[in-house]
Structures are given as C-alpha cells and as structure tokens.
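Visitor: give me a model of this one.
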Amino acid sequence: MARAATTSDAFNAVAEPRRRDILNYLATEERSVNEIVNAIEIEQPSVSKHLKVLKDVGLVEARREGRQMLYKVNATAIRPLHEWTSTFERLWKHQLLRVKERAEARSEEKK
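Guide: Below you'll find the predicted structure:
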C-alpha cells in the first residue's frame, strides 16, 4: 500500500524526524526561520520546506514581523497526536508496573 502524502495529515507530517525536531524546538516559544536553522543545524531551504509541510497540515502557524516570518506550534492541531500517543503511554506505564510487580515478587520469593 502506498504511503499517503506528507501534507495529507499531521500524522504523516510528523513521520519525518526533522519535522519533529522543529516542532520540539517551537514547543516553548515562537521562533524565526534563522533561529530554527541555527538550532536544528540544517540548511535554510530544508527548514523552509519542512515548515511549509507543518503549516499546510496546521501544526504550525506563521506570522510576519518586519522582514522575518515567525513560527509557533498550533497546540489545537497537535492535540490529536497527543491523544493518540497517550494510548501507548498508558500501555507502557501498565507494562512497566507489571515488570516492577514481577521483580518485587521474585525478590520476595528469594528471601
């Protein structure tokens, strides 16, 4: 089955690790393209391309300030990603709790 275009939805857009890096960097505050380039250490054309994809699917918002574009995360658009991954977070917490319980039970058996 062919993979959907990266611009079709947020899940496909964040499949690219560099886009996740950009989102992580933008999570705390609004940033310019140059700030992103310097922090992520990839070329400006690549950053702009990734930002376009993230903007097209709604994960980031942009505004012009003078000659620069400033980007920030659109928290509302990220919510479905968070909710989906939260399912797996609960699963892992449950699994870790089971591992802990087994380890404690074995420890008690050896006493």
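Visitor: the bottom helix or strand of the chain by mean pLDDT?
Guide: Ranking every helix and strand in the chain by mean pLDDT, DSSP states H and E puts helix 75-110 at the bottom, with a mean of 84.
Visitor: got the buried residues for it?
Guide: Applying a neighbour-count criterion of 16 or more other CB atoms under 10 Å, one finds 77-78, 81 buried in helix 75-110. Any C-beta I mention is one placed from the backbone N, CA and C, and that applies to glycine too.
Visitor: go on, stretch 15-33?
Guide: Within stretch 15-33, the residues scored as buried using 16+ other CB under 10 Å are 19, 21-23, 25-26, 31, 33.
Visitor: tell me what the least confident helix or strand of the chain is packed against?
Guide: Helices and strands touching helix 75-110, by 3 or more CB pairs under 8 Å, 6 or more residues apart in numbering; DSSP states H and E, are helix 10-13.
Visitor: distance from the chain centre to the helix it packs on, please.
Guide: Chain-centre distance of helix 10-13: 10 Å, with CA atoms, centre = their mean, to the nearest Å.
Visitor: got the buried residues for that helix?
Guide: When neighbours are counted by 16+ other CB under 10 Å, the buried residues of helix 10-13 are found to be 10, 12-13.
Visitor: out of those, which is nearest to residue 45?
Guide: The shortest distance between residue 45 and any of the buried residues of helix 10-13, using CB to CB, involves residue 13 and amounts to 17.9 Å.
Visitor: ok, how many other residues are close to the nearest residue to that closest one once chain neighbours are set aside?
Guide: Excluding its sequence neighbours, the residue lying closest to residue 13 (CB to CB, 6 or more residues apart in numbering) is residue 57, at 4.6 Å. Close neighbours of residue 57, defined as other CB atoms under 10 Å, add up to 21.
Visitor: which pLDDT value belongs to residue 57?
Guide: Turning to residue 57, the model gives it a pLDDT of 95.
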